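Peer 1: Below: sequence and its predicted model.
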Amino acid sequence: MSAEPALYTIRVEGDLGATTLSAFPTLTAEHQAAQTILVGHLDRSGLYGVLLQLESLGLDLIEVSCTHCPRLPDASPPS
């Protein structure tokens with residue numbers, strides 16, 4: 001995982017209200033059926049911070065996906 005910011009989509013169970021969403025000021029929210037989708041650019045520490053906040057609020061995480069993630073260098077052993 002790179003330390004560079006990347007665009008993350010985080011899907012959680014439930015229709016989160018304004019008070020709960022205020023815990024994620026750097027993310028935009030969209031409601032789909034009985035889920036809330038949070039989207040935003042996060043670096044590694046930002047991602048872990050959001051995941052910790054989700055856990056502390058007792059929210060059920062469904063999925064985390066990364067779009068436009070920086071590629072990691074090839075981890076092949078030197079020859």
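Peer 2: Received the coordinates, thanks.

Peer 1: Can you check the pLDDT for S79?
Peer 2: You'll see S79 listed with a pLDDT of 55.

Peer 1: I meant to write C69 there.
Peer 2: 73.

Peer 1: Doesn't it lie inside a strand?
Peer 2: No: secondary structure assignment places C69 outside any strand; it is coil (DSSP: H, G, I helix; E, B strand; the rest coil).

Peer 1: That one: neighbouring residues, count only.
Peer 2: 14 (other Cβ atoms under 10 Å). Where you see a C-beta, it was placed from the backbone N, CA and C, and this is true even at glycine.

Peer 1: Isn't it up against A6?
Peer 2: Yes: here C69 reaches A6: they are 4.4 Å apart, a contact under Cβ atoms under 8 Å.

Peer 1: For the host helix or strand of H31, output the C-alpha coordinates as CSV.
Peer 2: H31 belongs to strand 28-32 when assigned by DSSP states H and E. Extracted C-alpha coordinates of strand 28-32, given in CSV (Å, rounded to 0.1, in the frame of the first residue of the first chain):
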residue,chain,number,x,y,z
THR,A,28,-18.8,12.6,0.4
ALA,A,29,-21.7,10.4,1.1
GLU,A,30,-24.3,8.8,-1.1
HIS,A,31,-27.2,6.6,0.0
GLN,A,32,-28.1,3.5,-1.9
